[in-house]
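Enquirer: Pasting a predicted model and its sequence here:
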Amino acid sequence: MEAGYQIPVTALVLIGLMLAFTVVTTVMFRKQKTSADYYLAGRKVNSFINASAISSDYLSAASFLGVAGVAFLFGFDGIIYALGFFVGYIALLLFLASPLRKFGRYTVPDFVSERFHSKTARILGVIGVLFVSLFYMAPQMLGAGKVMGLLLGMEYDTAIIVIALIITVYVTVGGMKGTTVNQLVQFWILFGAMFLLAFIPFVLKGYTYTDVVQFLANFKGPEPETGKMFDGAAYTAPAFWLTSLKDTLSLLLALMFGTAGLPHILVRFYTAPDGKAARRTVIYVLLLIGMFYILSPYVGHVIRYIYLQGDVLGVSQHQMTWLAENGQNLAVPVAGSYFGGQILLGIVVAGAFAAILSTVAGLIIACAGAIGHDLVVNVFNPNMPEITRVKVARVASVFVGLLGIPLGLWAENMQIAILVGLAFAIAASTFFPVLVMGVWWPRMTKNGACAGLVVGIIGSFAMILGKEMLPSFLQFTNPGGFVMILSFIAIYVASKMEVAAKGEAALPHDTKEVMAILHGPEQA
Amino acid sequence: MDRIERIRKRQLNFALGIGIPYFAFVIGIFLLVYLAKETVTSVNILDFPLHYWLVAVAVYPITWALFIWYVGKANAIEDEIETIAQGD
């Protein structure tokens, strides 16, 4: 670590307080009588608390560090992430929040399995949940490793192991109830940190959005530190980074519809008392995360503004080095350090820690549900006693939590928001089509559901990990929108073919009853 | 069951009636900004570029207002359905 840099005491104090709070709530909520208590906090979470917890689940390292980072790196084009993440809730609100809550099961694989009476659909659902959630967990661990490692003086590998262990313990013991209370507190820490990062430059320093964008647009010259040419007019204009319209649209669709397929977000709607409360919850979430996403691209632009002026604005050498070497992931901590010294840096580190902790906790709960509830209980042993189911949930949580370690090591050199964008791509192409069609189209069949899931999983897997092997017209920066359309087509075609072959017998025998539950009056 | 089918269609039409124009609006903003880049970037409102206004600021309050209204209306439809069901 560089001479002159000190580990911020505020960060240690805040993280210490947060951990102490986590221990208290975890111990308070350690007694889970049923698996519904463990996975869904007894389905009694109030809308505002749930909204804070969902926002905390959602505002991960990608949002807290990545959105400002991607705006710092790519200017106007980076804002597409903020907008896409925000708009994602609309599809969820319009098509899924209330019906899914009325259906009242534990997990997304539960829905597909019980809607179509298919074990295959359940197993495909489990694979989908794990695929989306583990892809989502990797960038969180990356954020943990980078921020904690650099700012608290830990090695990257050590930071990842420490974070994985902390989260695994508190999720395993506290379940959804403990996790919800912790997420509520964590949300306000991370939101407060982002608010201060925008408030200080905007109000106290007078760096209005207008002034910052105008300065950047007129800047043309070498960047400090690296000496690379910086063209401000291109940076503040569209298509600086997203040069292909095909890629941009696919990314936008993935972000817009991926949220409605994220298992750790969907599972939270099952914790609402009823369908109407689920809708109200989304509105609170939209207000909270909307304010956050207006602020974070501004912070990214402000950091570019101070980076380009360097010495003139008194930016220290270690701040300039961080920005030059890893500005894509460390723009937010540098903003904290520059605008508020050790205290604000400490608050920002605590905010990043809160963002990572809450999101990974949500992901662990979702994956544990998929493994414990869907696979072990429903596929292998449906008669398992309730107390054993809670134990299975805890063992699954430990297993998933520890998987965060290799995932973090794998993701070390990637950009957080881009990696999360790929998790959205998988969610948009795997679950969104199956859930929307399953909820609203009574003519959908079991084969249609399986076809949609298979196309979503294999299509996104092939187009993300096997990108280089595909012809250029099939190579996407983010293939989510493209595969999502294929998945919708697969559901429609496979359902039509099955009905054509078997007649009405192809439809699940209780379709009308299920439609009554999903769309009719709330069941008592 | 016909009644459930009518309710389903009513709710779906309501959701699509709001959702399709809204998503068209968001995607339309992007197409406008990317396809008419030269024109849009040259326009400033209160010294702030139009494309920033559209994508970084204006979308948020528009979305809030629209969907607060939507949730009120959707929950009112649910109440109406419950009242009819209790009457039956």
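Expert: In hand now; what should we look at?

Enquirer: next helix or strand past the lengthiest helix in chain B?
Expert: In chain B, taking DSSP state H as the definition, the longest helix is helix B:2-35. Using DSSP states H and E, the helix or strand that follows helix B:2-35 towards the C-terminus is helix B:37-41.

Enquirer: Could you report the separation of A:Lys102 from A:Ile90?
Expert: Look at A:Lys102 and A:Ile90: by Cβ to Cβ, to the nearest Å, they are 20 Å apart. Using the backbone N, CA and C atoms, a C-beta is placed for each residue, glycine as well.

Enquirer: Which of these two has more residues huddled nearby?
Expert: A:Ile90 (24 against 21; other Cβ atoms under 10 Å in any protein chain shown).

Enquirer: dump the residue contacts of A:Asn218.
Expert: A:Gly232, A:Ala233 (Cβ atoms under 8 Å, 6 or more residues apart in numbering or on different chains).

Enquirer: Repeat the analysis, applying 6 Å as the threshold.
Expert: A:Gly232 (Cβ atoms under 6 Å, 6 or more residues apart in numbering or on different chains).

Enquirer: and it, backbone torsions?
Expert: phi -90, psi 0 (degrees, to the nearest 10).

Enquirer: ok, so what distance separates it from chain B?
Expert: Per Cβ to the nearest Cβ, to the nearest Å, A:Asn218 is found 12 Å from chain B.

Enquirer: For A:Leu252, grab the count of nearby residues.
Expert: 24.

Enquirer: What residues does it make contact with?
Expert: Applying Cβ under 6 Å, 6+ apart, the residues contacting A:Leu252 are A:Gly84, B:Phe30.

Enquirer: so what's it scoring on pLDDT?
Expert: Note on A:Leu252: pLDDT of 88.

Enquirer: And the helix or strand where A:Tyr293 lies, what does it pack against?
Expert: Per DSSP H and E: A:Tyr293 is located in helix A:275-309. When contacts are defined as 3 or more Cβ pairs under 6 Å, 6 or more residues apart in numbering or on different chains; DSSP states H and E, helix A:275-309 packs onto helix A:47-58, helix A:68-74, helix A:79-91, helix A:97-103, helix A:156-199, helix A:209-218, helix A:317-368, helix B:59-87.

Enquirer: Give me the average confidence score over that helix.
Expert: Rounded mean pLDDT across helix A:275-309 is 92.

Enquirer: how about the helix or strand encompassing A:Met484: buried residues?
Expert: Taking DSSP H and E as the definition, one finds A:Met484 inside helix A:480-502. For helix A:480-502, the buried set under the neighbour-count rule, 16 or more other Cβ atoms under 10 Å in any protein chain shown, comprises A:480-484, A:486-488, A:490-492, A:494-496, A:498-499.

Enquirer: quick one: the spatially most central residue of chain B from A:Thr226, how far?
Expert: The residue lying closest to the centre of chain B (Cα atoms, centre = their mean) is B:Tyr22, at 3.6 Å. According to Cβ to Cβ, B:Tyr22 and A:Thr226 sit 41 Å apart.

Enquirer: cool, A:Pro442 as well?
Expert: 58 Å.

Enquirer: Likewise for A:Ile426?
Expert: Distance from A:Ile426 to A:Thr226, by Cβ to Cβ: 34 Å.

Enquirer: Show the backbone phi and psi for B:Ala36.
Expert: Torsion angles, degrees, to the nearest 10, at B:Ala36: phi -110, psi 40.

Enquirer: Alright, calling it a day.
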